[in-house]
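# structure for this input, please:
(one chain, ligands or ions: 1)
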Amino acid sequence: MVRAAPSDDEIVTGGCAYDARVVSIRPCSRQMCRAPAVATLTYVYADSMAVLGPLSASAEPHSYDLCEHHSDRMSAPKGWSVLRITEHHDEPTRTPLYGA
Ligand SMILES: [Zn+2]
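Now for the predicted structure:
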């Protein structure tokens, strides 16, 4: 049996180069939750601190991707502190009333 060379069609659809480009879109790591992750929760064991920040570019050990819902509801284990890092640098702050 001679193995045929892959056809043009197989070459186009068989690769995973495209999939490698969409790693930034990951699902929430909570069970039963398939919402897209918007934040990454990282446990810093040395400081007993849970850091919730913008979605990391790559999955790291000891970090968990959370969707908006679960990142809002997440709470640290007892004795741990939570540090939330928002990426809304230009979020409008409460503007003081000037001269009013
Ligand atoms: Zn979720």
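
# residues from this structure in reach of the ion?
By Cβ under 5 Å from the ion, the residues of the chain that approach the ion are 28, 30, 33, 35, 67, 70. Bear in mind the C-beta positions are built from the backbone N, C-alpha and C, glycine included.

# are any of the residues you listed buried, and which?
28, 30, 67, 70 (16 or more other Cβ atoms under 10 Å).

# ok, the nearest residue to the first one once chain neighbours are set aside - contacts?
Nearest-residue entry for C28: C67, 3.8 Å, with adjacent residues in sequence omitted and distances by Cβ to Cβ, 6 or more residues apart in numbering. Applying Cβ atoms under 8 Å, 6 or more residues apart in numbering to C67 gives the contacts 27-28, 30, 33, 35-38.

# try 6 Å
Applying Cβ atoms under 6 Å, 6 or more residues apart in numbering to C67 gives the contacts 28, 35, 37.

# what of L66?
Contacts of L66 by Cβ under 6 Å, 6+ apart are 28, 37, 39, 41.

# and the third one, bridged to which residues?
Just to be clear, that refers to A39. Counting by DSSP bridges, A39 forms beta bridges with P54, L66.
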